[in-house]
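J.: Have a look at this prediction, sequence included:
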Amino acid sequence: MEEQTDFSQFAPVKQAPKSVTTEAMISRQAQEVQAAMVVAKRFPRDEFTAFNKIMTACERKSLAESAIYSFPRGATKVTGPSIRLAEVLALNWGNIDFGIMELEQKNGESTVMSYAWDLETNTRRQMLFTVKHERKAGGTIKKLDDPRDIYEMVANNGARRLRACILAIIPGDIVDAAEEKCKHTLTTGNSKPLVDRVRDAIVKFDKEYSVSIKMLEDYIGCNVEAFTEQDYLKLGGVIKALRDGMAKRDDYFDIRHTATNVVSKTATEFEDLTKSFEEAEAKKNGTQQGELSLD
């Protein structure tokens, strides 16, 4: 008698079914998008006009300041468009449905979906993930029970995935052009002198993140008097990453230079710092005038 082979081990694994609430939310959202796709086909985007709108938006200094994030990863630094720039790209590119949906909340965690859908090309990118209602601080895990804390935790995690979803369906050359335009706006669109902007950044780091001048100097690699425009842009990227929860202070700075070891100089050395900048600027202008007089 011929021996029969057992193929049960090759059978596909049965997936755990989604909850009724989750299925209903996804189904309703899909139906709404399908209706919007009909409208998008009737009124397709004008890519030339959309591109010009994006470039115009990137000329706004307020957007340019929050458009790029930067955080360290190993021996290198990672930079890229922030969620704010991604939202501007999606809004001005047009005919894109995007957002964050909390599908379910139970057992101390939330099931969340971030998505972006190009209604014209039917290109869709979505991420379904779980956010635990807890926060790690000081080596301990704290359970969150305040609705506001839970909302902020879900929003922060959802924004990171939403950014990735939007950038996945926007043409890469459009994203690159927007980044370059924002960088150009920051370097040429400032009426305030560099010394004042650096001083404001030092105050912000000290007051909001307890980062001293010494820690900033170690991160950039030179004294604050020598900070350039590009160094200022780097600090802006760090502030953006810290504010959005993309990275922690320890990722950038040596925490040994905290108040217990290094007395913050922001309150006592601003006048000296300003004087040093002004002397360097005066010396530079004097040299240029001397060169002109020789001609």
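T.: Received the coordinates, thanks.
J.: List the buried residues of stretch 32-49.
T.: Across stretch 32-49, burial judged by 16 or more other CB atoms under 10 Å covers 33, 37, 40, 45. Glycine gets a C-beta too; all of them are placed from N, C-alpha and C.
J.: Tally up the residues packed near the closest residue to the last one other than its chain neighbours, please.
T.: Think residue 45. Taking CB to CB, 6 or more residues apart in numbering as the measure, residue 45 lies nearest to residue 94, with 4.2 Å between them; neighbours along the chain are not counted. As a burial measure, residue 94 scores 18 neighbours (other CB atoms under 10 Å).
J.: got it, and the one 5 residues further on?
T.: Residues near residue 99, counting by other CB under 10 Å, number 14.
J.: Thought residue 162 was touching it, still the case?
T.: Yes: counting by CB atoms under 8 Å, residue 99 does reach residue 162; the two are 7.3 Å apart.
J.: what touches both of those two?
T.: When CB atoms under 8 Å, 6 or more residues apart in numbering defines a contact, the residues bordering residue 99 and residue 162 alike are 114, 115.
J.: ranges for the strands of this protein?
T.: For the chain, the strands defined by DSSP state E occupy 68-73, 76-81, 96-106, 109-118, 123-132, 134-137, 140-143.
J.: Out of those, which gets nearest to residue 235?
T.: Nearest to residue 235, of all the strands of the chain, is strand 68-73, at 9.1 Å by CB to CB.
J.: Format the buried residues of stretch 32-49 as JSON lines; extra columns: distance to residue 233 and pLDDT.
T.: As requested, the buried residues of stretch 32-49 are arranged in JSON lines below (distance: CB to CB, whole Å; pLDDT from 0 to 100):
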{"residue": "33", "distance to residue 233": "38", "pLDDT": "70"}
{"residue": "37", "distance to residue 233": "40", "pLDDT": "81"}
{"residue": "40", "distance to residue 233": "37", "pLDDT": "83"}
{"residue": "45", "distance to residue 233": "31", "pLDDT": "90"}
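J.: Mind putting these into TSV with distance to residue 239?
T.: What follows is the buried residues of stretch 32-49, written out as TSV (distance: CB to CB, whole Å):
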residue	distance to residue 239
33	36
37	39
40	37
45	34
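J.: Would you mind measuring the gap between the ends of stretch 64-82?
T.: In stretch 64-82, first residue to last residue: 10 Å (CA to CA, to the nearest Å).
J.: ugh, wrong one, I meant stretch 37-52
T.: 24 Å.
J.: For that stretch, what is the distance to the chain centroid?
T.: Distance, stretch centre to chain centre, for stretch 37-52: 27 Å (CA atoms, centre = their mean, to the nearest Å).
J.: ditto for stretch 121-135
T.: 16 Å.
J.: So which bits of that stretch are buried?
T.: Residues of stretch 121-135 classed as buried by neighbour count (16+ other CB under 10 Å): 124, 125, 126, 127, 131, 133.
J.: Using CSV, lay out those together with pLDDT and distance to residue 208.
T.: Formatted as CSV, those follow (pLDDT from 0 to 100; distance: CB to CB, whole Å):
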residue, pLDDT, distance to residue 208
124, 89, 38
125, 93, 34
126, 92, 34
127, 94, 30
131, 94, 25
133, 92, 25
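J.: out of the residues you listed, which one sits closest to residue 59?
T.: residue 125 (28.2 Å).
J.: Bridged to that closest one, which residues?
T.: Beta-bridge partners for residue 125, by DSSP bridges, are residue 116.
J.: my guess is it meets residue 168, correct?
T.: Yes: using CB under 8 Å, residue 125 is in contact with residue 168, at 4.2 Å.
J.: Find residues that contact each of the two.
T.: Both residue 125 and residue 168 are contacted by residue 116, under the criterion CB under 8 Å, 6+ apart.
J.: residues contacting residue 237?
T.: Counting by CB under 8 Å, 6+ apart, residue 237 touches 68, 69, 70, 71, 79.
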